[in-house]
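Colleague: I would like the atomic coordinates for the input below:
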Amino acid sequence: MAKYSTKTVFLCAECGEDFPKWHGKCPACNEWGTLKEYTVPKDGRPKETREARGFTPLSDIIFDEACRTLSGIPELDRVLGGGFLSGSMILLGGTPGIGKSTLALQAVASLGAPVLYVSAEENEEQIALRARRLEIGSANLSLSGENRWEAMREQLFFLKAKFFVIDSIQTIYAEGSESLPGAIGQVRECGQKVLELCKSHGVTAIVIGHVTKEGIIAGPRMLEHMADTVLYLEGDSHHDYRILRAVKNRFGPTNEVGVFEMSSEGLLEVKNPSHLFLSERKEGITGSAVFPSMEGSRPILVEVQALVSNANFGTPQRNVTGFDIRRLSMLLAVLEKRLGFLVGTKDVFVNCVGGMRIDEPAADLAVIAAIASSLKDEPLPANGVLIGEIGLAGELRSISHLDKRIQEARQLGFKTVLAPMSSVNKSGKRASKIVIHGVRSVDEAFTHLFK
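Modeller: Numbers count the residues shown, from 1 in each chain. Predicted structure coming up:
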């Protein structure tokens, strides 16, 4: 390979911008310590040339949702917005061993078009062994252990594949850059080449990415900006349940989730997540509340647990799993200031059961009620669900999708719903076999909960 003169630039791992000299703080995104050095060929290097693309008037473009390709996994298709869209780049991230490769292999196994699965971390025999364990024997699926982008591109054109999987983006390299595979410059350049291929040839790519200790996909943040869809596979390696979450989707809803169970046969979809998360719930115990969380377009009932105990050390602990700890601090302040509960000297533990992460403020009432239940040592009604956002004055503010939440609670046999009065008045429908209580404040809600 011919030698070309190079130059040194500094690339920001957060925003992807490059600079001719090092800065302690990135001038583009103002993040500290994110600039890394790498070398690139100078402009004298021969450049690839191609004809400019034409343009099409908007009125002449016809798009049909039926052109989406279903993966055969309904949970995945819903998260994607209805299936794979031609020419899209999908970025899949997750912790090591969570099941990213397994999900990708299952997703492309039943596609009716040629598929190229490239894994630079494993050879063909190792991938075939996993496919045999998952009982996958598709004739349209081809395996490759190549890690050079130019060779992968040739294989893709030779097979005339319409789908391909890269496992993972941190293990491949392009000949134009002298950086090692996994370096910021290589990840950026390879990601750009994958995107160009998808848009120019209508190929759908599933790109698997490693994550950092902070839980984000390794490499420049620009990689997430390039992708059309960004998925995260979440879960605890000590449990069998996995949650697939869409944090970005140009062709479908965001914050949609799919629930899977890891087994010896691969990832099995869970068709009724609400029943799964409540299956081991015990009635009559303190500090337990049920909240119907809206995950994308569907409600999922989640058990919220709280435990309040005397602090054994000088500083009380605030430990949270699946909920925002800053939001918890606000709720504890409302509980003490507006309702007179003394929690400033107590250890408070909050847990969303099943590995779910709740981000919406509508969970405030369930969390604060579970804390009060543990503090008073008095259980909440076992057949009721709690919904409502709490303000600093202790008032309950309106929430969205109340009808869908009520319907899901009714289907699982719950008898009562406690919700903000403003949302109850706006809701035109009334579900049968369930009682809806509208309340205006936390104090009024506690009057219903604690007799």
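Colleague: how about the biggest helix by length in the chain as PDB, C-alpha atoms only?
Modeller: Looking across the chain with DSSP state H, the single longest helix is helix 184-201. The C-alpha trace of helix 184-201 is given here as PDB (Å, rounded to 0.1, in the frame of the first residue of the first chain):
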ATOM      1  CA  ILE A 184     -12.100   7.400  17.700                       C
ATOM      2  CA  GLY A 185     -11.000   8.200  14.200                       C
ATOM      3  CA  GLN A 186     -11.600   4.700  12.900                       C
ATOM      4  CA  VAL A 187     -15.000   4.500  14.500                       C
ATOM      5  CA  ARG A 188     -16.000   7.800  13.000                       C
ATOM      6  CA  GLU A 189     -14.700   7.000   9.500                       C
ATOM      7  CA  CYS A 190     -16.200   3.500   9.400                       C
ATOM      8  CA  GLY A 191     -19.500   4.700  10.700                       C
ATOM      9  CA  GLN A 192     -19.600   7.300   7.900                       C
ATOM     10  CA  LYS A 193     -18.800   4.700   5.300                       C
ATOM     11  CA  VAL A 194     -21.600   2.400   6.500                       C
ATOM     12  CA  LEU A 195     -24.000   5.300   6.400                       C
ATOM     13  CA  GLU A 196     -23.000   6.300   2.800                       C
ATOM     14  CA  LEU A 197     -23.500   2.700   1.700                       C
ATOM     15  CA  CYS A 198     -26.900   2.400   3.300                       C
ATOM     16  CA  LYS A 199     -28.200   5.600   1.700                       C
ATOM     17  CA  SER A 200     -26.700   5.100  -1.800                       C
ATOM     18  CA  HIS A 201     -27.600   1.400  -2.200                       C
END
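Colleague: care to break the protein down by domain?
Modeller: 6-41, 66-271, 276-449 (automatic domain parsing).
Colleague: TSV for those, including distance to Leu58, mean neighbour count and mean pLDDT?
Modeller: For glycine as for every other residue, the C-beta is placed from the backbone atoms N, C-alpha and C. Output for those, formatted as TSV (distance: least, C-beta to C-beta, whole Å; neighbours: other C-beta atoms under 10 Å; pLDDT from 0 to 100):
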stretch	distance to Leu58	mean neighbour count	mean pLDDT
domain 6-41	30	15	77
domain 66-271	17	19	87
domain 276-449	28	18	91
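Colleague: could you dump the ones you listed into CSV and include distance to Pro57?
Modeller: Listed next are these as CSV, based on distance: least, C-beta to C-beta, whole Å:
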stretch, distance to Pro57
domain 6-41, 32
domain 66-271, 19
domain 276-449, 33
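Colleague: which residues touch Lys282?
Modeller: Ser288 (C-beta atoms under 8 Å, 6 or more residues apart in numbering).
Colleague: what's the answer for Gly81, then?
Modeller: Contacts of Gly81 by C-beta under 8 Å, 6+ apart are 229, 249, 251-253, 256.
Colleague: Pro96 versus that one, what's the distance?
Modeller: According to C-beta to C-beta, to the nearest Å, Gly81 and Pro96 sit 28 Å apart.
Colleague: and Val302, that's in a strand?
Modeller: Yes. According to DSSP: H, G, I helix; E, B strand; the rest coil, Val302 belongs to a strand.
Colleague: this protein: helices as residue ranges?
Modeller: Using DSSP H, helices in the chain cover 74-80, 100-109, 124-133, 149-159, 184-201, 222-226, 273-278, 325-337, 364-376, 402-411, 421-426, 442-449.
Colleague: how about stretch 394-403 as PDB, C-alpha atoms only?
Modeller: C-alpha atoms of stretch 394-403 as PDB (Å, rounded to 0.1, in the frame of the first residue of the first chain):
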ATOM      1  CA  GLY A 394     -48.000  19.200  46.900                       C
ATOM      2  CA  GLU A 395     -50.500  19.500  44.100                       C
ATOM      3  CA  LEU A 396     -51.200  16.700  41.600                       C
ATOM      4  CA  ARG A 397     -50.800  17.800  38.000                       C
ATOM      5  CA  SER A 398     -52.300  16.300  34.900                       C
ATOM      6  CA  ILE A 399     -50.800  13.300  33.100                       C
ATOM      7  CA  SER A 400     -51.200  11.900  29.600                       C
ATOM      8  CA  HIS A 401     -52.700   8.700  28.200                       C
ATOM      9  CA  LEU A 402     -55.000   8.100  31.300                       C
ATOM     10  CA  ASP A 403     -57.400   5.900  29.300                       C
END
